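**Q** For reference, the sequence and a predicted model appear below.
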Amino acid sequence: MKDRLYYTDPYIQTFEANVIYQGSEEDGTPYIVLDRTAFYPTGGGQPCDTGTLNGIEVIQVEEVDSTVRHRLSRPFPPGTTTAAGSIDWQRRFDHMQQHAGQHILSAAFAELFDAQTVGFHLGRERVTIDLAVEEVTEEMAVQAVELANRIVFENRPIIARFVDPVELARLPLRKPPAVTENIRIVTIEGFDYNPCGGTHPKQTGEIGPIQILDWERMKGNVRVAFICGGRTARELWHKHRVLKQLGRLLSSSEAELPDAVARLQLERKETERALQEANQKLLEAEARERMREAETIGGLRLAAVALAERPLPDMQKLAQRMVALDPTAIALLVSSGPKTQLVFARGEAVSLPMNELLREALPLIDGKGGGNPAMAQGGGTGGPSPEDLLTQIKESLLTRITP
Ligand SMILES: [Zn+2]
C-alpha cells in the first residue's frame, strides 16, 4: 500500500510519479495508472480527489482491480513516462473535515444512545449517516452535537495505521472491518477506533464545528444530515444573511421573527375574510342593479347582461343572486374575452328549462357546456359579439314563452 501516498500522509498536495499504463474507458475517457499517487479514489463513502496530472485535468479517480485509474479530460502525449500531480486541496480538505467529523458524530451517537451507524454519504452540500434506531429526538441531536464538538475542541490526535490480526483482536472496534487484509484503523485518541481507508486530518481541531441540520425516518433507520468545518461556517453566514433580510422586511429582531410571521399570517386571514365579505356585498348590489334593468315579457323578468371577461364562478354567483331576488326572473349572462362564456339561470316560478336553452345557444359559439333545468353554463371560442349573441338567445327564448 506504499503506492497510496494519502494513506501515510493525507497532507501531500503535489507529487511526482512514473506512468505505468495509459488506457481508455469504454466510453472513450482516457485514464492513466501511476506507480504511486496522492489522489484518493472514490470509496468508503468519500468522493474522489480531483486536480491535475502534468497540467491535464483529472476529472475522476476510481479503483479498478486494485489499481487507481486517474480519468483525464484529455490523454497524455504519447511516450510520456513521468507525471507531476497536484490535487485540488480545497476539495480534499473539505472531504477530510466531513469524513473525520462523521467518525466523531457516529461515535457520539453510539456512545450516548447505542445508535449504530449503518450508512454514510458525503454529498456536495450535506453529509448523512443512517442510524439503526427507532427515532432521534431534538434532545438526542443536541447531546450528540455537544459531545462531538467537545471532542473536536479538545483537539485530540487522529491516528491512521495498518494493524496485524493480533493487535486488531485487542481493539474495541465499533464495527468489524470490511476487508480481511491490509486493515487500517483510524483512532481518535481515547474516543473511537474504526477501520477506515479514507483521509483524515491529524488533529480533531482541524475538523471545525460540527452541526446537525435535520433528520428523518428512512427505511427503518433514521437519516441524520450534518455539516462540519468550512461548511458549517458558510451555512452560518448564509442563514445569518437570510435572517437579516427577513428582519429588515418585517421590522423585527431575529428572536421575534417567528411571532412576526405568525402575526402576518393572522392578518392575512382576516384581510381575506374581509375581502370576501366585501365581494359578496358588491355582487349583491350588482345583482339588484341588473334586475332593475330587466325587461318584463309575458309575466317574466328577463335580464340579458353582456359582461367583459368575468370568471365563470363569478358569473354563476351573480346569476344565482339575480334569480334569488325575483322568482319570475330569467338571467342570461354572456361574458366576452379570450373565451365566450354563457350562464343561464331561472327563478323558482319559471318552468323554462335552462339546459335546453343552452343547448340551442352553444352551436352559435362553437361551444360545450351543460347543467340542469334551473341553471346551465357553457363556453366556446367562436361566435358573434355578446350583444348580438344575447339578441339571438332572447329570440329563441321568446318563441318559447310567447307561442
Ligand atoms: Zn474515515
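**A** Ah, there it is.

**Q** Excluding chain neighbours, what is closest to the one residue in the chain that gets nearest to the ion?
**A** Minimum separation of the chain from the ion (CB to the ion) falls at C196, amounting to 3.2 Å. C-betas here are computed from N, CA, C, even on glycine. Using CB to CB, 6 or more residues apart in numbering and skipping the chain neighbours, the partner closest in space to C196 is V186 (4.4 Å).

**Q** quick one, phi psi at that neighbour?
**A** Backbone torsions of V186, given as degrees, to the nearest 10, read phi -100, psi 120.

**Q** so what's it bridging to?
**A** A160, N194 (DSSP bridges).

**Q** Mind listing what's buried along the top helix by length along the chain?
**A** Counting residues, the longest helix in the chain under DSSP state H turns out to be helix 257-292. Neighbour-count burial for helix 257-292, counted by 16 or more other CB atoms under 10 Å, picks out A260, L283, E286, A287, R290, M291.

**Q** Going by contacts, tell me the helices and strands next to that helix.
**A** helix 230-250, strand 300-308, helix 312-325 (3 or more CB pairs under 8 Å, 6 or more residues apart in numbering; DSSP states H and E).

**Q** residues from the chain in reach of the ion?
**A** When proximity is defined by CB under 5 Å from the ion, the chain lies next to the ion at V186, C196, G198.

**Q** hmm, try it at 6 Å
**A** Counting by CB under 6 Å from the ion, the chain comes close to the ion at H99, H103, V186, C196, G198, H200.

**Q** H99: what's it in contact with?
**A** G45, Q46, L122, G198, T199, H200 (CB atoms under 8 Å, 6 or more residues apart in numbering).

**Q** Just send those residues back as JSON lines, with secondary structure, distance to A304 and neighbour count too.
**A** Output for the contacts of H99, formatted as JSON lines (DSSP: H, G, I helix; E, B strand; the rest coil; distance: CB to CB, whole Å; neighbours: other CB atoms under 10 Å):
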{"residue": "G45", "secondary structure": "coil", "distance to A304": "74", "neighbour count": "17"}
{"residue": "Q46", "secondary structure": "strand", "distance to A304": "76", "neighbour count": "23"}
{"residue": "L122", "secondary structure": "strand", "distance to A304": "71", "neighbour count": "18"}
{"residue": "G198", "secondary structure": "coil", "distance to A304": "80", "neighbour count": "25"}
{"residue": "T199", "secondary structure": "coil", "distance to A304": "82", "neighbour count": "23"}
{"residue": "H200", "secondary structure": "coil", "distance to A304": "83", "neighbour count": "25"}
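
**Q** Of all those, the one with the weakest confidence?
**A** The member of the contacts of H99 with the lowest pLDDT is G45, and it reads 86.

**Q** Which residue, other than its chain neighbours, is closest to that residue?
**A** Nearest to G45 is F120, by CB to CB, 6+ apart, at 4.0 Å.

**Q** hang on, that neighbour packs against H103?
**A** No - applying CB atoms under 8 Å as the test, F120 and H103 come out as separate, 9.6 Å apart.

**Q** More neighbours: which of the two?
**A** A count of neighbours by other CB atoms under 10 Å puts H103 above the other of F120 and H103, at 27 against 18.
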